[in-house]
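Q: Prediction below, plus the sequence it came from.
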Amino acid sequence: MKYFAYGANMALSSMMSRCPLATPIQKFTLRGWRLDFGHHATIVRDPDAVCDGALWEITDMCEDNLDMFEGYPTYYEKVYLEQDGFKFMAYEMNDLDTSAYPSSSYIDCLREGYDDWKLDHKLLDNALNYAYVI
């Protein structure tokens, strides 16, 4: 199965510790969704937006590990998407609590993922500024 990561699971070191059998495929820009934040990152349907991230090939065991990490099905739910010839799964937060702010260590992990995949930090910074005027 293919998995679209846009948050903590973009960082290669973090993903390899959670899912050592996962294989990185490529960086990927998801259209029609935007990055948003509560205490953690999520994607929100928005026809005018894009969200940068990464595609991974994952095993059933990887998916089980990710489910536990993401708090599925209570904290995040799964969405199944198709774009550019890829069918993949992503996690979407059930209830976006905009009163919570991500920790600096969490944001550092996201920045590490952006660096690992050579992504421009602009969309990440814009999402953080939009959610919380920094």
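A: Everything's here; your move. Numbers count the residues shown, from 1 in each chain.
Q: Low-confidence stretches in the protein?
A: The model of the chain has pLDDT under 70 over residues 132-134.
Q: Following the longest helix along the chain in sequence, what is the next regular element?
A: In the chain, taking DSSP state H as the definition, the longest helix is helix 104-116. Toward the C-terminus, helix 104-116 is succeeded by helix 122-131 as the next helix or strand (DSSP states H and E).
Q: Thr23 and Thr29, how far apart?
A: Look at Thr23 and Thr29: by Cβ to Cβ, to the nearest Å, they are 20 Å apart. In short, each C-beta sits where N, CA and C put it, glycine included.
Q: before we move on, what about Thr74?
A: 29 Å.
Q: Find the nearest non-adjacent residue to Met15, please.
A: Asn9 (5.0 Å; Cβ to Cβ, 6 or more residues apart in numbering).
Q: Give the buried residues for the helix or strand in which Leu66 is found.
A: Leu66 belongs to helix 60-70 when elements are defined using DSSP H and E. Neighbour counts over helix 60-70 (16 or more other Cβ atoms under 10 Å) mark 62-63, 65-66, 69-70 as buried.
Q: again with stretch 72-92
A: 72, 75-76, 81, 88, 90-92.
Q: what does stretch 104-117 give?
A: Going by neighbour count (16+ other Cβ under 10 Å), the buried part of stretch 104-117 is 106-107, 109-114, 116-117.
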